[in-house]
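**Student:** 3D, please:
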Amino acid sequence: MSAAGTTRTSGQRLPGWLGQPTHRAWLDEHCRDLLAFGQLFPADGGGAAWLDEVGEPDPSHGVQTWITARMAHVYSLGHLLGVPGAGALADEALAGLWDAERGADGDAPLRDRANGGWFSKLDASGTPAEGKACYDHAFVVLASSTATAAGRAGAQELFREALAVYEERFWDEAAGMPVDTWDTSFSSLDDYRGINGAMHSVEASLAASDVLADVLGDDEGSARWRRRALTILAKVAAWSRDNGWRVPEHFDSSWSVQLEYNADKKADPFKPYGATIGHGLEWSRLLLHGDATARAAGEEPPAGLVDAAVALFARAVEDGWDVDGLPGFVYTTDWSGAPVVRDRMHWVPAEATAAAAALVLATGEQPYADQYALWWDHIADVVLDHEDGSWHHQLDERNRPSGTVWPGKADLYHAVGATLVPRLPLAPSQATAVRQGLLRG
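**Tutor:** Numbering: from 1, shown residues only. Predicted coordinates for the structure are as follows:
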């Protein structure tokens with residue numbers, strides 16, 4: 001399928017399930033079920049615990065910044081959606097990142113008052129882990145922007161601090177990309193550069209841009225964060241095009257591709273070897289959000305973002321879906337497209353449905369609507385846990401629940417996102433769109 005000449009006309013009915021109010025009602029109900037499943041996440045002292053298979057906190061994983069920020073984000077969205085109790089739960093997560101009463105003088109457990117920024121995690125004994133990561137800080141920007149849109153106490157202060165830390169420590173203006181990992185004191189920068197932190201930086205930057213304009217009236221800041229997101233998107237589109245539309249995941253400090261990185265740790269949860277199918281799908285969707293965001297601001301987006309989204313989606317589906325005899329997306333492939341890790345991670349079909357929905361919104365083409373329905377059927381068949389709730393976070397290659405990479409049901413971020421993307425426009429981003437009443441009911 002080609003994007004050329006297929007842009008959907010505003011007001012045109014969406015094809016397939018995306019045009020059906022009954023399906024949108026199902027997505028709304030499922031979103032609320034997910035938020036109900038996760039409601040036991042609050043950790044003592046603030047932040048979010050890792051959840052087990054039945055939604056109980058698993059203290060062995062400690063309290064992690066990315067989980068905490070994701071739960072702050074989804075429950076702030078829940079508050080914007082009018083889900084009773086969601087705002088108070090968002091505040092429980094935010095308390096791990098920021099002291100709403102004392103602000104910068106407070107002692108939020110995940111915040112490093114001595115050096116700035118946020119620890120990646122506290123272990124089960126409450127000891128901070130070493131190092132500071134772009135991935136975690138991008139999620140703090142996202143969570144604080146969503147909480148600001150939701151009007152949560154202390155959220156604006158947290159948002160401003162998160163933006164300042166990210167700008168100072170993680171954004172490399174010369175490269176037009178974020179750096180990845182510092183030591184705890186921000187005195188030594190690792191040579192590794194990664195696409196995962198960059199990907200979530202795009203999401204966070206688009207969300208921040210919208211909230212800066214819509215809530216804080218800062219059009220200059222909004223344009224700056226929007227420009228960063230578009231710069232990253234253009235670079236990733238070019239790197240992917242030059243690599244057969246398989247997204248290069250790992251780079252050195254000069255942003256030279258390192259295709260064999262982690263060849264000895266193929267199933268790493270954050271830096272796996274090879275092409276990550278879910279990232280191809282997620283980048284496809286983000287490219288469409290970026291294109292739409294630029295146009296909504298009256299700007300010309302970087303050339304070719306929609307065509308790149310189409311190509312990334314097609315490659316990920318060809319390489320990853322139903323390639324080994326049973327329905328499902330494999331986790332990773334090598335650079336020829338052959339499966340490497342055949343297990344299925346829940347976030348991949350979540351991103352597949354979201355990307356297909358975004359392509360329907362962008363193009364109006366029926367085949368994307370057909371794939372969207374196919375993958376929701378797959379999710380309902382084997383990924384949803386109809387007994388204990390939420391989604392199985394990992395299945396083996398035979399579609400049986402597994403926990404070798406992702407034990408338990410850590411958080412709700414991808415699953416909740418999959419219920420919202422099909423009901424929202426491509427721009428603005430989720431929290432701002434819900435706040436502005438743009439959710440299709």
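**Student:** what's the distance between the closest residue to Y413 other than its chain neighbours and A373?
**Tutor:** Excluding the flanking residues, the one nearest Y413 by Cβ to Cβ, 6 or more residues apart in numbering is R70, at 4.0 Å. Bear in mind the C-beta positions are built from the backbone N, C-alpha and C, glycine included. Distance, R70 to A373, by Cβ to Cβ, to the nearest Å: 27 Å.
**Student:** So for these two, which sits in the more crowded spot?
**Tutor:** Neighbours per residue, other Cβ atoms under 10 Å: of R70 and A373, the larger number sits with R70, 24 against 15.
**Student:** And that one, its phi and psi?
**Tutor:** phi -60, psi -40 (degrees, to the nearest 10).
**Student:** Tally up the residues packed near N262, please.
**Tutor:** For N262, using other Cβ under 10 Å, the count is 16.
**Student:** ok, now which ones touch the spatially most central residue of the chain?
**Tutor:** Nearest residue to the geometric centre of the chain (Cα atoms, centre = their mean): H200, 5.7 Å. H200 is in contact with 135, 138-139, 142, counting by Cβ atoms under 8 Å, 6 or more residues apart in numbering.
**Student:** now swap in H289 and tell me
**Tutor:** By Cβ under 8 Å, 6+ apart, the neighbours of H289 are 206, 358, 426-427, 429.
**Student:** So it belongs to a helix, correct?
**Tutor:** Yes - counting by DSSP: H, G, I helix; E, B strand; the rest coil, H289 is part of a helix.
**Student:** In the stretch 301-441 of the chain, what residue spans correspond to helices?
**Tutor:** According to DSSP state H, counting those that start in this stretch, the stretch 301-441 of the chain carries its helices in the segments 305-320, 347-363, 366-378, 413-420, 430-435.
**Student:** Including distance to A48, could the ones you listed go into CSV?
**Tutor:** Below are the helices of the stretch 301-441 of the chain laid out as CSV (distance: least, Cβ to Cβ, whole Å):
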stretch, distance to A48
helix 305-320, 29
helix 347-363, 17
helix 366-378, 27
helix 413-420, 11
helix 430-435, 18
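**Student:** and among those, the most buried is which?
**Tutor:** Ranked by mean neighbour count, these are led by helix 347-363 with a mean of 26 (mean count of other Cβ atoms under 10 Å).
**Student:** and the direction of that one versus that of helix 366-378, what angle?
**Tutor:** Helix 347-363 and helix 366-378 are oriented at 150 degrees to each other (axes from the mean of the first three to the mean of the last three Cα atoms, to 10 degrees).
**Student:** what helices or strands is helix 347-363 leaning on?
**Tutor:** helix 277-296, helix 305-320, helix 366-378, helix 413-420 (3 or more Cβ pairs under 8 Å, 6 or more residues apart in numbering; DSSP states H and E).
**Student:** Would you mind giving those helices as CSV with distance to E56 added?
**Tutor:** As requested, the helices and strands packed on helix 347-363 are exported to CSV (distance: least, Cβ to Cβ, whole Å):
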stretch, distance to E56
helix 277-296, 27
helix 305-320, 32
helix 366-378, 27
helix 413-420, 18
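**Student:** Quick one: these as a markdown table, columns for distance to R226 and mean pLDDT too.
**Tutor:** Shown next, in a markdown table, are those (distance: least, Cβ to Cβ, whole Å; pLDDT from 0 to 100):
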| stretch | distance to R226 | mean pLDDT |
| --- | --- | --- |
| helix 277-296 | 6 | 98 |
| helix 305-320 | 13 | 98 |
| helix 366-378 | 26 | 98 |
| helix 413-420 | 20 | 98 |
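**Student:** closest one to K266 among the ones you listed?
**Tutor:** Comparison of the helices and strands packed on helix 347-363 against K266 by Cβ to Cβ identifies helix 277-296 as nearest, at 13.5 Å.
**Student:** and G62, which of the helices of the stretch 301-441 of the chain is closest to it?
**Tutor:** Going by Cβ to Cβ, the one of those nearest G62 is helix 413-420, 18.1 Å.
**Student:** where does the chain have low pLDDT?
**Tutor:** Where the chain drops to pLDDT under 70, the residues are 1-11.
**Student:** Strands of that one, start to end?
**Tutor:** Assigned by DSSP state E, the strands in the chain fall at 63-64, 121-122, 132-133, 171-172, 177-178, 181-182, 193-194, 250-251, 275-276, 332-333, 339-341, 344-345, 394-395.
**Student:** and the first one, how far out from the chain's middle?
**Tutor:** If I follow you right, that is strand 63-64. 17 Å (Cα atoms, centre = their mean, to the nearest Å).
**Student:** Out of the helices of the stretch 301-441 of the chain, which is closest to W283?
**Tutor:** Among these, helix 305-320 sits nearest to W283 (Cβ to Cβ), with 5.6 Å.
**Student:** With that, I have no additional questions.
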